[in-house]
Structure formats: structure tokens, C-alpha cells
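Asks: A structural model of the following input is requested.
(one chain, ligands or ions: 3)
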Amino acid sequence: MAAAVKTSGGFCNTQQQWLHSTRDLFLHGSTRSNAKECKSKKTKKPTSLCVKATSAKVELDFNDPSWKQKFQEDWDNRFNLPRITDIYDLKPRPTTFSLKKQRTPTGDEDSTPMDMWNGYVNNDDRALMKVIKYSSPTSAGAECIDPDCSWVEQWVHRAGPRKDIYYEPNEVKAAIVTCGGLCPGLNDVIRQVVFTLETYGVKNIVGIPFGFRGFFEKGLKEMPLSRNLVENINLAGGSFLGVSRGGPKTSEIVDSIQARRIDMLFVLGGNGTHAGANAIHDECRKRKLKVSVVAVPKTIDNDIPLMDKTFGFDTAVEEAQRAINSAYIEARSAYHGIGLVKLMGRSSGFIAMHASLSSGQVDVCLIPEVSFALDGEYGVLQHLEQLIKNKGFCVVCVAEAAGQFTFCFQELLQNSGATDASGNAILSDIGVHMQQKIKTHFKGIGVHADIKYIDPTYMVRACRANASDAILCTVLGQNAVHGAFAGFSGITSCICNTHYVYLPVTQVITAPKRVNHKGRMWHRCLTSTGQPDFR
Ligand SMILES: Nc1ncnc2c1ncn2[C@@H]1O[C@H](COP(=O)(O)OP(=O)(O)OP(=O)(O)O)[C@@H](O)[C@H]1O
Ligand SMILES: O=P(O)(O)OC[C@H]1O[C@](O)(CO)[C@@H](O)[C@@H]1O
Ligand SMILES: [Mg+2]
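Replies: Ligands and ions are numbered 1, 2, ... in the order given. Below is the predicted model of the structure:
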């Protein structure tokens with residue numbers, strides 16, 4: 001049987017545009033490069049969310065006894081980490097990274113590594129990407145490779161310090177850049193990258209101001225960084241270096257990297273930034289530059305595939321549930337109160353779903369992955385009417401992309417086709433739209449309704465990282481530096497299945513991760529809200 005596989009956990013009956021399972025990433029590689037449905041309806045131009053799949057697609061014949069081996073070989077090829085030694089003939093040297101430092105009689109630290117220390121990661125160490133073996137494709141949220149769900153094994157490379165390194169620390173110039181929108185934890189990562197570089201013995205560390213623009217804009221000077229300078233930056237939100245969207249062409253960035261003699265570039269950002277980091281890595285390879293480009297996945301949206309979560313997401317959820325709490329208090333205290341909260345998430349509903357779950361105060365959660373009608377017998381407005389009648393008040397949480405970007409469904413709101421400096425589509429305001437619709441509906445039926453609309457927008461991301469994000473940032477930042485010294489480039493430092501790993505950037509820029517509407521988490525959210533199907 002060829003691999004025209006049944007789709008479990010997809011978003012529409014026709015060919016799925018937004019694929020989210022590992023099985024899909026493997027089997028449907030070529031469907032993703034069909035950008036037809038990703039085109040903006042108005043401009044007919046592909047949106048920047050449609051990044052072409054770079055992974056090879058292997059047709060699997062499940063009657064072939066060696067299909068598992070073929071699958072695994074393709075997997076290993078795709079998840080193999082690119083190294084600077086792929087293009088450069090280099091000899092490694094023993095690492096200078098050691099936590100068991102010997103002390104000289106003067107009390108100064110000597111960075112000579114102790115041979116006996118067993119704290120290094122072997123290049124062949126791996127972590128399992130998936131740990132559930134579904135017995136059937138019909139199991140909730142099943143992600144299966146073959147029709148019988150018989151195969152699970154998928155390994156990725158473990159992150160951490162290696163015994164051998166490919167750079168002389170005292171000759172290294174390392175640069176850090178933070179791109180895209182703000183995200184809690186950016187400063188924590190910057191700080192840990194600097195600390196770890198210094199632990200290796202790097203003296204020349206700089207920050208590139210205001211994202212990729214800092215490579216280009218005249219008047220933006222790189223900032224020398226040191227442990228002393230970044231010691232306390234994690235106590236505040238934002239980015240110590242500044243962020244931006246848009247910016248120069250890849251070739252101009254690499255010209256600048258060459259001119260500045262940068263050996264290691266740490267790129268902190270979301271899916272757009274990762275696409276940029278990959279392009280920089282490719283261009284450096286083309287020019288045969290010995291530069292390690294290492295990304296750290298940042299985005300409150302949590303929409304980068306294959307990883308458990310991106311840093312900043314937990315904090316954003318925590319802040320978002322404060323807004324929900326306020327909406328709940330307002331709604332509960334008003335006669336026929338309706339609390340409405342709109343939460344960020346450019347193309348996915350993770351923040352809305354998790355904040356709804358964590359607050360436990362939401363009656364209706366609306367996300368872009370699940371279509372819904374506002375009007376009609378089974379629409380949201382009819383349900384709100386019932387809630388007001390039965391309970392006296394209610395709370396609605398809507399993701400900013402809800403009713404938009406659904407591709408497979410009827411969209412509620414049309415976008416203007418306008419894009420931001422990075423090429424991301426600018427969304428219509430679903431919150432304001434819903435507020436108006438609710439008002440009109442209740443007026444129309446002659447029932448009093450007191451709507452309190454809260455749009456916390458930038459408040460969920462302009463804050464300092466919470467404890468769990470701070471730990472994640474610490475580990476990811478340190479591992480990014482270990483990855484660069486180990487000679488990897490074009491990788492991202494992330495967490496998969498609770499383990500810290502490196503993934504090739506090519507594997508995480510195929511398409512944004514979206515909530516699996518057939519997955520257990522969304523079903524838990526529905527159990528919590530008690531909302532019906534709005535179609
Ligand atoms: N496909 C691409 N190729 C090269 N560079 C890109 C690409 N997409 C985006 N970039 C660059 O990456 C940077 C950040 O992109 P973007 O504004 O989309 O934010 P992001 O990294 O996705 O983060 P956020 O989650 O905040 O949106 C921008 O400077 C943009 O020019
Ligand atoms: O207004 P800005 O800074 O361009 O960013 C808004 C977008 O950035 C994010 O915070 C992260 O991608 C989205 O949730 C949101 O749509
Ligand atoms: Mg993005």
C-alpha cells in the first residue's frame with residue numbers, strides 16, 4: 001500500500017494545509033509546499049506563514065518489509081545536525097568548558113578541564129521524540145506513521161556540552177540578536193548565553209541592536225556584552241538589545257557578519273526568525289564561512305512545531321489568565337454580565353486554550369483551529385443567551401486569529417491583505433467584532449447585557465519571565481552556546497518530550513504548529529468550558 005494515508009487529527013477533509021503531527025511532517029512533506037491555499041484571499045500572494053517544506057518526502061510502501069528502516073533512515077537524515085565540519089576541514093580541541101575548575105594558588109580560576117569529570121554529552125546521545133504508542137489511528141490525538149500505528153521510534157540529538165570543541169574561545173567573536181515581537185525571557189536567554197560564553201573563555205561578545213535591522217541600519221552600533229553588564233537584565237521584561245520586524249536581505253546580513261568577523265551568531269526569535277536564521281546559515285555555507293548560527297525558539301504563540309513549548313509561552317498564559325480573572329469578576333458582579341477577553345496568537349490558539357484551562361472561569365473558548373458560527377441556532381450568540389438565562393453571567397475567551405486563518409472553513413472575518421514589515425498578515429479585530437455582535441444580538445432580543453471587553457494585548461508579553469520560563473530560558477541559552485562550540489550550525493536549542501535537544505532549523509520552519517482539535521488538550525478545554533459545537 002502506498003502512503004496515501006488516512007488523516008487522523010487533521011483540520012479539514014480535503015488535503016490538509018496545516019499539518020501538525022510527526023507522521024504528517026514525514027508523509028505529507030510535499031503537500032505543505034503547495035502554497036495554493038496559503039495565499040492571501042485578497043492579494044493572492046503567499047503569506048509569510050507558508051514556508052516551503054525543505055524536508056525530503058519519501059513515499060512509503062507499508063507492504064515493503066523494510067519500510068521501517070527506510071522511514072528511520074529518512075528521519076535520521078533529516079534530523080542529522082549540520083556542522084561546520086561538513087564544509088570545513090577542522091580538528092577539534094578539548095573543551096574549555098568545565099564546572100570543576102582548578103584554582104591557582106592566587107585564587108584565580110584556571111579553565112583547564114578535569115579529565116575525570118563525567119559531565120559531557122556524547123554526540124550519539126539521543127532523546128526519543130515520541131513516547132506514546134497509539135494502538136489505533138482512532139485513539140484521541142493519535143499521531144501515527146503507518147495505518148496500524150505500529151511504529152514509534154524517532155530519535156533526536158541530545159543537547160549539552162561536548163568534550164571536543166571546534167573554536168578557540170579566545171579567538172571567538174560571538175553575537176546575539178533578538179528578532180520579532182517581544183517575549184518574556186529574552187533577557188534571561190541573552191544573560192545565559194553571555195555567562196556560558198564567558199565560562200568557555202570567550203571575551204568578545206556583542207549584542208546586535210533591534211533585531212536583524214541592527215546588521216544594516218546606519219547608526220545602530222553593536223553593544224559589547226559581559227557578565228557584569230547583563231547580570232540583572234532578567235529582572236525586567238522586554239529585550240535588553242531591542243527587537244524589530246522586517247530588515248535587510250540575507251545577503252546583506254551575511255555581508256555584515258563577515259565584515260564584523262562574527263564566528264558565532266545566536267538568534268532568538270519565532271518562526272520568521274528561524275527562517276531567517278536558516279537562510280543566514282545557508283548563505284554562510286555557500287560562502288564557506290566558519291560561522292555557527294544557533295537559534296533559540298522564542299514566541300508567546302507557542303507555534304513552532306516539534307517542541308513541547310517555546311520560551312515565553314508559560315508566562316504569557318499566566319498573564320492572560322489574570323485578564324480572564326478580571327473579566328470573570330466584572331461579569332459576575334454585573335447584571336447579565338458578559339466578560340470578553342481577546343488573547344494573542346497570530347495563527348494558533350494555544351494561549352487562549354491554555355489560559356482558559358488554567359483560569360477555569362471560561363464558558364466559551366474560540367480558537368482559529370476550530371470553526372464556529374456566531375449566528376444561528378447553534379451559534380455562539382444563542383449559547384450566550386442560554387448562559388445569561390441559566391447562570392446570569394458568562395465569560396468568553398477568543399484568540400486573535402479565531403474566525404480567520406482557518407483555510408478549510410468559512411472565515412468569519414476578511415483580512416485586508418495587509419502585512420507587517422516581516423510579511424505577516426495583519427489580522428482583523430475579532431474582539432471588537434464580537435463585542436459589537438453580542439451587543440446587537442442582546443439588544444435585538446430585548447435582553448439587557450452588560451459587556452466588558454478586555455484586550456490585554458502587549459501586557460501578556462511585555463513582562464518578565466515566570467519561574468518555569470526562566471528555567472527553560474536558562475537551559476536553552478546555555479545549550480545554544482554548547483551547540484555552537486560543538487561545531488553545529490543551522491540548529492535550534494529546544495525542549496522535546498521534556499528533554500533538551502538540538503533540532504535542525506529546517507525541520508521546525510515547515511509550518512506553524514496549531515492546536516490539534518482532535519487532541520486531548522482541546523477536549524479537556526471543552527470539558528472545562530462545557531461549550532457545545534458551534535456549527
Ligand atoms: N522567510 C524568511 N526568510 C528570512 N527572514 C525572515 C523570514 N521570515 C521572517 N524573517 C525575518 O525574521 C525576523 C522576525 O520575523 P517575524 O517578525 O515574523 O517574527 P518571529 O520570529 O516569527 O517572531 P514572533 O513570534 O514574535 O512573530 C524579521 O526581521 C524578518 O525579516
Ligand atoms: O504588534 P506586533 O508587535 O507586530 O506583534 C503582534 C503579534 O506578535 C505575537 O505576539 C507573536 O507572534 C502575536 O501573538 C501577535 O499577533
Ligand atoms: Mg512569527
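Asks: what residues does stretch 180-187 touch?
Replies: 178, 211, 230, 233-234, 236-241, 243, 245, 268-270, 272-273, 298-300, 310-312, 315-316, 422, 458, 461-466, 469-470, 472-473 (CB atoms under 8 Å, 6 or more residues apart in numbering). Every C-beta, even on glycine, is put in place using the N, C-alpha and C of the backbone.
Asks: Strands - which of those land there?
Replies: Counting by DSSP state E, the contacts of stretch 180-187 place 178, 268-269 in strands.
Asks: Which residue ranges of the stretch 351-500 of the chain form helices?
Replies: Ranges of helices within the stretch 351-500 of the chain are 380-390, 430-444, 467-485, based on DSSP state H, counting those that start in this stretch.
Asks: Oops, could you answer that again for the stretch 101-250 of the chain instead?
Replies: Going by DSSP H, counting those that start in this stretch, the stretch 101-250 of the chain shows helices at 186-200, 227-230, 250-260.
Asks: who's in contact with L476?
Replies: Counted by CB under 8 Å, 6+ apart, L476 has contacts 189, 192, 296-297, 311, 493-495, 500.
Asks: which one of the residues you listed sits closest to V156?
Replies: Using CB to CB, C494 comes nearest to V156 of those, at 9.4 Å.
Asks: wait, what's in contact with the closest one?
Replies: 296-297, 304, 306-308, 310, 476, 500-503, 508.
Asks: Mark which of those residues are buried, thanks.
Replies: 296-297, 304, 306-307, 310, 476, 500-503, 508 (16 or more other CB atoms under 10 Å).
Asks: near ligand 3, which residues of this protein?
Replies: 270-272 (CB under 5 Å from the ion).
Asks: Include pLDDT and neighbour count when you put the residues you listed into CSV, please.
Replies: Formatted as CSV, the residues of the chain next to ligand 3 follow (pLDDT from 0 to 100; neighbours: other CB atoms under 10 Å):
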residue, pLDDT, neighbour count
G270, 97, 26
N271, 95, 27
G272, 96, 24
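Asks: restrict those to those near ligand 1?
Replies: 270-272 (CB under 6 Å from any ligand atom).
Asks: Can you tell me which of the buried ones among the contacts of C494 is nearest Q404?
Replies: Of the buried ones among the contacts of C494, the one sitting nearest to Q404 (CB to CB) turns out to be I304, at 20.3 Å.
Asks: Phi first, then psi, for that closest one.
Replies: Phi and psi for I304, reported as degrees, to the nearest 10, are phi -100, psi 130.
Asks: What distance do you get for it to G392?
Replies: Distance from I304 to G392, counting by CB to CB, to the nearest Å: 41 Å.
Asks: I figured A320 hits D455, correct?
Replies: No. Between A320 and D455 there is no contact under CB atoms under 8 Å: 11.2 Å.
Asks: what's near enough to touch the closest residue to ligand 3 within the stretch 151-300 of the chain?
Replies: The nearest approach of the stretch 151-300 of the chain to ligand 3 comes at G270, 3.9 Å away (CB to the ion). Applying CB under 8 Å, 6+ apart to G270 gives the contacts 179-181, 183, 297-299, 301, 303-304, 310.
Asks: on that earlier part again, now, which of the buried ones among the contacts of C494 sits nearest P368?
Replies: For those, the nearest to P368 is I304 (16.4 Å; CB to CB).
Asks: Which residues are in contact with the closest residue to that closest one other than its chain neighbours?
Replies: Spatially, and ignoring its direct neighbours in sequence, I304 is nearest to P297 (4.9 Å; CB to CB, 6 or more residues apart in numbering). Counting by CB under 8 Å, 6+ apart, P297 touches 269-270, 274, 304, 307, 310-311, 476, 492-494, 508.
Asks: Can I get these in CSV including distance to G160?
Replies: Shown next, in CSV, are the contacts of P297 (distance: CB to CB, whole Å):
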residue, distance to G160
G269, 22
G270, 24
H274, 21
I304, 21
M307, 16
T310, 20
F311, 18
L476, 12
T492, 15
S493, 10
C494, 13
V508, 19
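Asks: residues in contact with the most centrally placed residue in the chain?
Replies: Centroid-nearest residue in the chain: I304, 3.2 Å away (criterion: CA atoms, centre = their mean). I304 makes contact with 270-271, 274, 297, 310, 494, 508, 512-513, according to CB under 8 Å, 6+ apart.
Asks: Run through the residues that contact Q478.
Replies: By CB under 8 Å, 6+ apart, Q478 lies in contact with 192-193, 195-196.
Asks: Next: F442.
Replies: So F442 contacts 336, 385, 388, 448-449 (CB under 8 Å, 6+ apart).
Asks: I'd guessed I233 sits against R191; true?
Replies: Yes. Assessed by CB under 8 Å, I233 is found in contact with R191 at 5.6 Å.
Asks: List just the nearest of the contacts of G270 to Q154.
Replies: Of all these, I304 has the smallest distance to Q154: 17.5 Å, by CB to CB.
Asks: Just the CA coordinates for stretch 426-435, please, in CSV.
Replies: Provided in CSV are the C-alpha atoms of stretch 426-435 (Å, rounded to 0.1, in the frame of the first residue of the first chain):
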residue,chain,number,x,y,z
ILE,A,426,-2.3,41.8,9.8
LEU,A,427,-5.4,40.4,11.3
SER,A,428,-8.8,42.0,11.7
ASP,A,429,-10.0,42.6,15.2
ILE,A,430,-12.2,39.6,16.2
GLY,A,431,-12.6,41.0,19.8
VAL,A,432,-14.2,44.3,18.7
HIS,A,433,-16.3,42.4,16.1
MET,A,434,-17.6,40.0,18.7
GLN,A,435,-18.3,42.8,21.2
